[in-house]
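Novice: model this:
(one chain, ligands or ions: 1)
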Amino acid sequence: MKILVTGGAGYIGSHVVKELIEAEHEVVILDNMSTGVKMNINPKAEFVFGDILSTNDLKRVLKPGIDAVFHFAAFKAAGESMLRPEIYAHNNLTGTINLLNAMLANGVKKFVFSSSAAVYGNPEYLPVDESHPLQPENFYGFTKLEIERLLQWYGQLKGLRFAALRYFNAAGYDIDGRIRGKEINPANLLPVVMEVASGQRPKLLVYGSDYDTIDGTGVRDYIHVNDLATAHLLALDYLINNPDNLRINLATGAGYSVMQVIEKAREITGQSIEYDLVDRRPGDPSELYATSLIAAEKLYWKPRYSDLNTILKSMWEIYTNDISDQI
Ligand SMILES: NC(=O)c1ccc[n+]([C@@H]2O[C@H](COP(=O)([O-])OP(=O)(O)OC[C@H]3O[C@@H](n4cnc5c(N)ncnc54)[C@H](O)[C@@H]3O)[C@@H](O)[C@H]2O)c1
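Specialist: Alright, predicted model coming up:
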């Protein structure tokens, strides 16, 4: 099949492109490189430098022959979205509406969307399942939920077929080491821990140490990016072979605390990994982990690489063998 991947130069998108190409799909990437990494652009994909905010750029890529769209292009920093909601509204909402409208205008009806755990907000029970109330705590989560609602309407009114995949915390790097460009200015815990371990930052801040958790620090569900990638291909197959749409969690069901992450990273890297304990951040739940029962039942998906050891080892491999300055 021929698949358009928006944001295919980004962290998750580049891993999914790799898997699509290995499965012998043809891939067109549309990316404006705002956070994309040049060395992660797959040479076997057609790369179009462009923006989902530009209807002209969308016309260039939504040529006849595109069978499905995988949509990763977005801004994703929850904290920043509370300070600059207007840029999140523009990029995530306007950009996605442009993309969907261009798809429909060109008869493209299959859409795999990067949604997020942020659509749930603070969990009312754990593990979070797909029936959990949808009450985003930050503007970023609101943009993802609004897009899911739009998908529902476009599904009903225009026959759009969609899979909204609600990722929990994406982590790790390609298990075979074929994607080596690191995220620039990461905000998530694991890459920040890696930056401290490899000497790129002096220390990290641990937000909150008085939560009601195993050691007082926040607990999250980390999902390896290769496992996420596999789920995308399964979701596309599902849309081809079944009449219903999907809104599903991609998570492991297990949570690790910040201190457990730091301890495991110390063991793997042999580095001390300094940190400061600081106040909680508003809106951060103490614990967040989820079931992926629908993904298991409908896609036969099961995470293979999402234990903390494998995740951190795959990251340390990239952070210790940094080749980004050679490219
Ligand atoms: N990383 C996570 O833990 C996580 C969790 C839940 C959901 N998500 C979602 O997954 C998707 C991918 O996340 P990621 O971690 O790979 O982020 P990323 O920032 O690495 O990738 C986003 C890519 O989209 C591109 N992009 C952004 N705006 C664009 C635009 N207007 N036009 C064209 N290209 C544009 C960027 O250049 C980048 O290559 C995002 O939609 C994000 O919200 C990520």
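
Novice: okay, CA-based contacts and neighbour counts for the rest of this
Specialist: Noted.

Novice: Tell me if the lengthiest helix in the chain is near the ligand.
Specialist: Across the chain, the helix with the greatest residue count (assigned by DSSP state H) is helix 139-158. No. Under the criterion of C-alpha under 6 Å from any ligand atom, helix 139-158 makes no contact with the ligand; the nearest approach is 7.6 Å.

Novice: What lies in contact with that helix?
Specialist: Helix 139-158 is touched from outside by 75-78, 81-82, 85, 88-89, 92-93, 96, 104, 115-121, 134, 136, 160-162, 164, with contacts defined as C-alpha atoms under 8 Å, 6 or more residues apart in numbering.

Novice: Show me how this protein divides into domains.
Specialist: For the chain, automatic domain parsing gives the domain ranges 2-171+221-250, 189-220+253-326.

Novice: Out of those domains, which is the most enclosed?
Specialist: domain 2-171+221-250 (a mean of 20; mean count of other C-alpha atoms under 10 Å).

Novice: and it, how far out from the chain's middle?
Specialist: Relative to the chain's own centre, domain 2-171+221-250 is displaced by 8 Å; criterion: C-alpha atoms, centre = their mean, to the nearest Å.

Novice: Can you give me the first-to-last residue distance of it?
Specialist: Terminal residues of domain 2-171+221-250 lie 24 Å apart, using C-alpha to C-alpha, to the nearest Å.

Novice: How about stretch 111-130?
Specialist: Stretch 111-130 has an end-to-end distance of 19 Å (C-alpha to C-alpha).

Novice: does the ligand sit close to it?
Specialist: Yes. Using C-alpha under 6 Å from any ligand atom, stretch 111-130 reaches the ligand at 114-116.

Novice: Contact residues of the stretch 51-200 of the chain facing the ligand?
Specialist: So the stretch 51-200 of the chain meets the ligand at 51-53, 72-76, 91, 114-116, 167-170 (C-alpha under 6 Å from any ligand atom).

Novice: 8 Å instead?
Specialist: Residues of the stretch 51-200 of the chain lying close to the ligand by C-alpha under 8 Å from any ligand atom are 51-53, 71-77, 91-92, 95, 113-118, 140, 144, 166-171, 183, 188.

Novice: what's the next secondary structure element after the helix or strand bottoming out on mean pLDDT in the chain?
Specialist: Using mean pLDDT, DSSP states H and E, helix 78-83 stands out as the lowest-scoring helix or strand of the chain, at a mean of 92. Sequence order places helix 85-88 as the next helix or strand after helix 78-83, per DSSP states H and E.

Novice: So which elements touch that next one?
Specialist: When contacts are defined as 3 or more C-alpha pairs under 8 Å, 6 or more residues apart in numbering; DSSP states H and E, helix 85-88 packs onto helix 139-158.

Novice: follow-up on the earlier one: now, the contacts of helix 139-158 that are in helices?
Specialist: Using DSSP H, the contacts of helix 139-158 in helices are 78, 81-82, 85, 88, 96, 104.

Novice: Spatially, which two of the residues you listed are the most separated?
Specialist: Met82 and Leu104 (31.4 Å; C-alpha to C-alpha).

Novice: the strands in the stretch 151-300 of the chain, which residues?
Specialist: With strands called from DSSP state E, counting those that start in this stretch, the stretch 151-300 of the chain shows them at 161-167, 169-171, 204-207, 219-220, 222-224, 246-250, 256-257, 275-278, 287-288.

Novice: Please produce JSON lines containing the ones you listed, extended by distance to Met194.
Specialist: Output for those, formatted as JSON lines (distance: least, C-alpha to C-alpha, whole Å):
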{"stretch": "strand 161-167", "distance to Met194": "21"}
{"stretch": "strand 169-171", "distance to Met194": "11"}
{"stretch": "strand 204-207", "distance to Met194": "10"}
{"stretch": "strand 219-220", "distance to Met194": "17"}
{"stretch": "strand 222-224", "distance to Met194": "15"}
{"stretch": "strand 246-250", "distance to Met194": "23"}
{"stretch": "strand 256-257", "distance to Met194": "16"}
{"stretch": "strand 275-278", "distance to Met194": "12"}
{"stretch": "strand 287-288", "distance to Met194": "22"}
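
Novice: could I get the ones you listed as a markdown table with mean pLDDT?
Specialist: Converted to a markdown table, the strands of the stretch 151-300 of the chain look like this (pLDDT from 0 to 100):
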| stretch | mean pLDDT |
| --- | --- |
| strand 161-167 | 98 |
| strand 169-171 | 96 |
| strand 204-207 | 96 |
| strand 219-220 | 97 |
| strand 222-224 | 98 |
| strand 246-250 | 98 |
| strand 256-257 | 98 |
| strand 275-278 | 98 |
| strand 287-288 | 96 |
